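Undergrad: how would this look folded up:
(2 chains)
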Amino acid sequence: MAPELLEARPKAERRVGLPDLEDAVEGKVVLRFAPNPNGPLSFGHARGLVINGAYAERYKGTLILRFDDTDTVVKPPMPEAYDTIQQETEWLLGRPADRVIIASDRIDVYHEHATSMIEQGFGYVCTCSAEAFREFRVTQTECPCRGKSTDEHTTRWQGMLGGAYKPGEAVVRVKTGMDQRNPALRDWPALRLQDTVTNPHPRPEVGSKHQVWPLLDFQSAIEDHLQGVTHIIRGKDLMDSTRKQTLLYEHFGWTYPNTMYWGRVKVHEWGGFSTSAMRKDIESGRYEGWSDPRLPTLSALARRGIQPSALRAFWLELAITQKDISVPLSSLFSHNTKAVDSTAPRLAFVRDAVRMPLTGAPDEATLVRYPDQPDKDPRRHDLTTGHVWIEEEDASMASFRLKDLVDVDRHEDTLIAGAIERQDQRPIVHWTVDASKDATLVLAEDDMLHEISGRLEPHDFPAGTVVQLERIGYAILLEDGRLLMAHE
RNA sequence: GCUUGCGUGGUGUAGUGGCCCAUCAUAAAGGAUUCUCAUUCCUUUGACCCGGGUUCAAAUCCCGGCGCGAGCACCA
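TA: Numbers count the residues shown, from 1 in each chain, chains lettered A, B, ... in the order given. I've put the predicted structure just below:
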């Protein structure tokens, strides 16, 4: 036998990163990320942006940012969110979306498709109550409206558009069949009425202009087709949406995009995240705003010093599986540590600082700012006041070393300087000079904000700089002069 | 209830019939380097939900069970 036949087939390469997209042609891939602008983006949204964005980049395709703002009552849009979300997209991906679509600008387009659907007989206007239809759905019986003529439905549809019905009195349904095995798919609702006089759309250019609004499954389905979306990647809670929409596509004679799903993600420390719930808690004053560091919003993470690259690495690592997962925040933090460690200037923050006389020490100290580049921008401090600040806890030790300065022995409440060079294994502590300032370190933990007071080493870094507080962890300088802890 | 999806170390993830006594990351423990309890490096611990079946061979296919999730809104 030929020896090559006995050889094991070549070892398959371990896949790293995202799997290939099915039927993806370079330059032709069109993806979309479609949030509801009822608030700024949160941690969970980042997944949609990162994954879709990464594929768009890999295939030199198009990333669409689509605002699915078709509800003015239950989840009304937040006017500022349209801008905020675009800025956050750019922050996270390092570039803006290739195309931006606002659903509320395109209501007429959806109306046209509804008209066509009704005229072609696969859509109808149903005047049954929601409760009544629920009963028809479980018993798999056709509602009285369904069998009426196309002309009748066209008339009803014109009636809907013309204000002949009040919200709740009529809805447009897609004829999928009441005998569908999956109850979720049975003649699903495509458009409904909203009282936009009482609840106007927050965008002034839309306001009370329309009363007939598409529901997500319809709006999204039509828009995906019109925009030429080739691949949809979304949560598996939308699996039935795919099935509903596929039935609609069959009616229209369209081909449904390739679809992938991911499961639910929970963060140990946060639990789930709901934009509406956060909005309530902010309005009630429980949180300071959308960027309150306790909140799982992108703006809060950014404010806290989390780098977009860390967020990208985090979501890319989770990849796309349909498992429901729960991840610890430490996983995100370890990515962030890698992102900021070499560039974060070292600074001393002395908690519960005590001021102690120091005798016999040099007049000046020089400390390393960046361990990776020991000569870059060294920290020089004047010690001629003869005092240093150290942490209360460290002050209880009889002998220790002031980092980068000198060995000391404590006699009563005075520190006596000894060897300049390190002589023994005594513990090393961080410290600061009299020129330091009182400072506050803010910590977000367990849905609480804690403040630790101390002395911060003199520096001239601007707000927004991510620093590493020696022996404590990474923090960011806030506009008000306080420090916000990012993570250890 | 109907429908639908998922189950690999503590946490994530790779793996689509032999490369797997299972990959990588993270966490934990130990150690080295380091004038930070950081970074970097090394080592160790640790997993295929259960039961059958198909096959020479199963984490991978089939059946059953168990567990967890989602949809069945005139929300997204």
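
Undergrad: contacting residues around stretch A:237-244?
TA: A:174, A:176, A:182, A:184-185, A:188, A:216-217, A:220-221, A:232, A:256, A:259, A:261, A:264 (Cβ atoms under 8 Å, 6 or more residues apart in numbering). Just so you know, the C-beta spots here come from the backbone N, C-alpha and C atoms, and that holds for glycine as well.

Undergrad: can you do 7 Å?
TA: The list of residues contacting stretch A:237-244 from outside it, by Cβ atoms under 7 Å, 6 or more residues apart in numbering, reads A:182, A:184-185, A:188, A:217, A:259, A:261.

Undergrad: PyMOL command to pick out the buried ones of those?
TA: Here is the PyMOL command that selects the buried residues among the contacts of stretch A:237-244 (16 or more other Cβ atoms under 10 Å):
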select buried, chain A and resi 185+188+217+259+261
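
Undergrad: neighbours around the nearest residue to A:Gly163 once chain neighbours are set aside, how many?
TA: Closest residue to A:Gly163 apart from its sequence neighbours, by Cβ to Cβ, 6 or more residues apart in numbering: A:Gln211 at 6.4 Å. By other Cβ atoms under 10 Å, the residues close to A:Gln211 number 19.

Undergrad: and what of the one 5 residues further on?
TA: By other Cβ under 10 Å, the residues close to A:Leu216 number 18.

Undergrad: can you pull the contacts of it?
TA: Neighbours of A:Leu216 in contact, by Cβ under 7 Å, 6+ apart: A:68, A:70.

Undergrad: For it, give its distance to A:Gly44.
TA: 17 Å (Cβ to Cβ, to the nearest Å).

Undergrad: Next, please give the residue ranges for the helices of the stretch 1-150 of chain A.
TA: A:3-6, A:43-58, A:81-93, A:107-119, A:130-139, A:150-162 (DSSP state H, counting those that start in this stretch).

Undergrad: Oops, could you answer that again for the stretch 201-350 of chain A instead?
TA: Using DSSP H, counting those that start in this stretch, helices in the stretch 201-350 of chain A cover A:216-226, A:239-252, A:275-283, A:298-303, A:308-318, A:329-340.

Undergrad: Restrict the longest one to CA atoms and write it as PDB.
TA: This points to helix A:239-252. C-alpha atoms of helix A:239-252 as PDB (Å, rounded to 0.1, in the frame of the first residue of the first chain):
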ATOM      1  CA  MET A 239     -35.200  33.100  15.900                       C
ATOM      2  CA  ASP A 240     -39.000  33.200  15.400                       C
ATOM      3  CA  SER A 241     -38.600  36.600  13.800                       C
ATOM      4  CA  THR A 242     -36.500  34.900  11.100                       C
ATOM      5  CA  ARG A 243     -39.200  32.300  10.600                       C
ATOM      6  CA  LYS A 244     -42.000  35.000  10.400                       C
ATOM      7  CA  GLN A 245     -40.000  37.100   8.100                       C
ATOM      8  CA  THR A 246     -39.000  34.200   5.900                       C
ATOM      9  CA  LEU A 247     -42.800  33.500   5.300                       C
ATOM     10  CA  LEU A 248     -43.200  37.100   4.300                       C
ATOM     11  CA  TYR A 249     -40.200  36.900   2.000                       C
ATOM     12  CA  GLU A 250     -41.700  33.900   0.300                       C
ATOM     13  CA  HIS A 251     -44.900  35.900  -0.400                       C
ATOM     14  CA  PHE A 252     -42.900  38.700  -1.900                       C
END
